[in-house]
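Enquirer: My questions concern the predicted model and sequence given below.
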Amino acid sequence: MTYSETAALKALAQIQDLDGKRDIVAAGRLGDLAYEDGYLRVILQIRPTEADKFEAVRKRAEATLKSLDGVDRVTVMLTAHKAAPEVAPKPKRSANPHQARRPEGYQGDALVDHVIAVSSAKGGVGKSTVAVNLAVALAKQGKKIGLLDADVHGPSVPMLMGLSGSRAVTTEKEGRRLITPFEAYGVKTMSIGFLTDGDGPIVWRGPMVQGAISRMLWDVDWGELDMLIIDMPPGTGDPQLGLAQDIKPRGALIVSTPQDLALLDALKGVAMFGKVDIPVLGLIENMSVFICPDCGGSHDIFGSGGVKDEASKLGVPLLGQAPLHMEIRKRSDAGKPIAIDDTAEANFFTTIAQNLMQLL
């Protein structure tokens, strides 16, 4: 027998919402229903205050869907969104308006000392490559490190960490269902790529993206970490603002090439973090110079000195410069970060890691 979406919807319609008056489909809880090659993924939308009570509903949904024809594996995820604002006027408060919106109960990131956001505000500057190699370099220094791929629409961390095709599982911990992160090269790793099947695009609106990022922050069993590195998506939209609301990072690192065009967007990222009261700890120059694989010569393809000059103007340190090198590209494509080695190319990221540790 083959899978039927109609049958899946009918099955979900047999499960009552918390009020007992409507089923979860009629109540508008169904955010996404996706099936591919025997794997069924369902997202249910809830309010933050309903997280604990809705766990029983989630389990019933999984148990019901597992019995459907053509379904070999089921994942039912809960996404919590911020409640609508009150209409009545509220007294003016001096507190930061970006308040955390967490579910009740045990938090997956409760034992994380520092959260560091790695951002670029522009795609194509190698931000994810820098984030991955920075995490691996920190782990080599003896630190307990986690890596969160927050680029929901373009997750690249699974490939960069050699974890392509991995699928996350959940475990019970202190009354909550938490996702178990994968570990590679001494780094605990989580990505939306571990929760979805196939290579197709993830076509989600802002609230769905926010729910997924929040889930990977709070509903992953990170354990004790010295640092959680967040590979931010490019831009200055919902994911960045949502992170400022949902969690207070210790600070942000801005990645840019020396090119003027990239620097313009990088400065927008600096301004955005300033508006949400997240300090910029430093700048990282990627693709600072091209090393010719044939002659070993250096070429300033994207210009030179731009990131260093901007760091000086902003009054923040330049944490390091990584070259555009053939070996870094090859190792990235192979899922073996260059930072695991003891080579000149690896040392660029070791230096960045050491400079970051001194700031903390």
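Expert: Great, that's in hand.
Enquirer: What helix or strand is the residue of the chain most remote from its centre located in?
Expert: Residue farthest from the centre of the chain, counting by Cα atoms, centre = their mean, is C295 at 38.5 Å. Using DSSP states H and E, C295 maps to neither a helix nor a strand.
Enquirer: Look up phi and psi at it.
Expert: Main-chain dihedrals, C295, degrees, to the nearest 10: phi -110, psi -10.
Enquirer: Next, the buried residues of stretch 274-293.
Expert: Within stretch 274-293, the residues that qualify as buried are 276, 278, 280-291, counting by 16 or more other Cβ atoms under 10 Å. C-beta: built from backbone N, CA, C; applies to glycine.
Enquirer: what helices or strands is the longest strand belonging to the chain leaning on?
Expert: For the chain, the longest strand by residue count, based on DSSP state E, is strand 280-291. Where contact means 3 or more Cβ pairs under 8 Å, 6 or more residues apart in numbering; DSSP states H and E, strand 280-291 is packed against helix 127-140, strand 251-256, helix 260-275, strand 298-299, helix 306-314, strand 318-325, helix 344-359.
Enquirer: That strand to helix 306-314, inter-axis angle?
Expert: Put simply, strand 280-291 runs at 160 degrees to helix 306-314, going by axes from the mean of the first three to the mean of the last three Cα atoms, to 10 degrees.
Enquirer: and strand 280-291, which strands flank it?
Expert: The strands beside strand 280-291 in its sheet (DSSP bridges) come out as strand 251-256 (parallel), strand 298-299 (antiparallel), strand 318-325 (parallel).
Enquirer: R215 is in contact with V76, isn't it?
Expert: No: R215 lies out of contact with V76 (Cβ atoms under 8 Å); the separation is 12.0 Å.
Enquirer: if I pick A56, what's in contact with it?
Expert: If you count contacts by Cβ atoms under 8 Å, 6 or more residues apart in numbering, A56 has none.
Enquirer: quick one: pLDDT of it?
Expert: Looking at A56, its pLDDT is 89.
Enquirer: Would you point out the most distant pair within the buried residues of stretch 274-293?
Expert: The span of these, defined through Cβ to Cβ, is set by V276 and I291 at 37.1 Å.
Enquirer: quick one on the thing from earlier: quick one: the buried residues of stretch 274-293 as a markdown table, columns for pLDDT too.
Expert: Output for the buried residues of stretch 274-293, formatted as a markdown table (pLDDT from 0 to 100):
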| residue | pLDDT |
| --- | --- |
| V276 | 78 |
| I278 | 86 |
| V280 | 90 |
| L281 | 91 |
| G282 | 89 |
| L283 | 90 |
| I284 | 90 |
| E285 | 87 |
| N286 | 80 |
| M287 | 79 |
| S288 | 72 |
| V289 | 69 |
| F290 | 74 |
| I291 | 73 |
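Enquirer: out of these, who's nearest P249?
Expert: I278 (5.4 Å).
Enquirer: Would you mind measuring from the closest one to L40?
Expert: 38 Å (Cβ to Cβ, to the nearest Å).
Enquirer: Ok, I116 next?
Expert: 35 Å.
Enquirer: That'll do, ta.
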